[in-house]
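1. Okay, sequence plus prediction incoming.
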Amino acid sequence: MSILDKPGIIVLDTEPKDPNGKYPYKAILERNHEYKGFDGAWILKIVGIYPGGPSLTPGQWYLDTLLGYDGYGSGRKSDFIYIDHGQNWGVGNMLAVLKEAEETVYGKMDESLDEEFVDKYAHIPMRMRNWYQKPENQPGYESPQKIKTPKKKKPSQKIIEKKWDIEGEIQDLKNSLRSLRRDSQDRDNEAEQFSSDIIERYGWEFMDMLNSGLSKEDKLRAIEKWSVEQDEKHKVINNPESILREYDYYYDQKHEEEEEDLEKQIEAKENELEKLYSNYDF
């Protein structure tokens, strides 16, 4: 699964621009999950669209910092941002990107409260929304009239124990998901560093080859050919298998599939619990 198709990712329409015009880029928004004390914060990331497919660059920042909403940024927005200052690697058109990101997350500031309410965040699942993205916290929202519901039944001990079991299962699944997401975040950071190191040492074309859809055998042959044809001794690759092993470790998509599976299990259990609460007066 591509990073652009990952659940919870918002791909912005406005694109960062490569000053050299070599590669196209995409800007994405992703919610932070219990990492470095900024749980729930939005992170803006830059994705390179390479011949081998989309790949995260090392460029990622807290959105509120870029917008000057917290105390960590300079408060000055720039149209150009460095992904790697040492490599003079950066992208432009960021003012337009930040404008769309700000409107996506916080909404347009000049919206009229007199207009009929429209849920601007309907494309984001309710469980993944920030406080201000939920309908009841958006400008113009009017609480619907309460509808009388049938009187709920008093639960038996068996039903109460079933509720406890479901709640315990949900908590266990959420703990597993948190742990998996922490591991995924660490791996993503390591993968970005790995890509940066490969590009710095061997160049973009080499990274493109690793990102390509070639088979393992074809990649090994391509690495060996590259090593023989280049003329710098310190870049000779004596063990191409080790590079592929590292690449496969960092870019294995199985952990994303595990996250999706856990999210589905949690949603199913929460629906089961909600059904109990709708029928019984706990």
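-> Nice, I can see it. Residues are numbered from 1 along each chain as shown.

2. from the chain's centre, how far out does the longest helix seen in the chain sit?
-> Looking across the chain with DSSP state H, the single longest helix is helix 157-202. Averaging C-alpha positions (Cα atoms, centre = their mean, to the nearest Å) puts helix 157-202 13 Å from its chain's average.

3. ok, residue 101 - how many residues close by?
-> 22 (other Cβ atoms under 10 Å). Backbone N, C-alpha and C define where each C-beta goes, glycine included.

4. which stretches of the chain form strands?
-> 10-11, 25-31, 42-50, 53-62, 81-84, 89-91 (DSSP state E).

5. Which one of those lies nearest to residue 188?
-> Judged by Cβ to Cβ, the one of those that comes nearest to residue 188 is strand 53-62, at 6.7 Å.

6. Which elements pack onto the closest one?
-> strand 42-50, strand 81-84, helix 157-202, helix 204-211 (3 or more Cβ pairs under 8 Å, 6 or more residues apart in numbering; DSSP states H and E).

7. Most tightly packed of those?
-> Mean neighbour count, computed with mean count of other Cβ atoms under 10 Å, is highest for strand 42-50 among the helices and strands packed on strand 53-62, reaching a mean of 21.

8. residues of stretch 248-266 that come out buried?
-> 250-251, 256, 259, 262-263, 265-266 (16 or more other Cβ atoms under 10 Å).

9. From these, pick the one nearest residue 104.
-> For the buried residues of stretch 248-266, the nearest to residue 104 is residue 263 (21.7 Å; Cβ to Cβ).

10. can you pull the contacts of the closest one?
-> Counting by Cβ atoms under 8 Å, 6 or more residues apart in numbering, residue 263 touches 7, 177.

11. what's the pLDDT at it?
-> Model confidence at residue 263, given as pLDDT, is 90.

12. which residues sit against stretch 246-258?
-> So stretch 246-258 is in contact with 1, 6, 180, 183-184, 187, 190-191, 194, 210, going by Cβ under 8 Å, 6+ apart.

13. follow-up on the earlier one: for the helices and strands packed on strand 53-62, give me TSV that also has mean pLDDT and distance to residue 103.
-> Compiled in TSV, the helices and strands packed on strand 53-62 are given as follows (pLDDT from 0 to 100; distance: least, Cβ to Cβ, whole Å):
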stretch	mean pLDDT	distance to residue 103
strand 42-50	92	13
strand 81-84	88	19
helix 157-202	89	26
helix 204-211	88	32
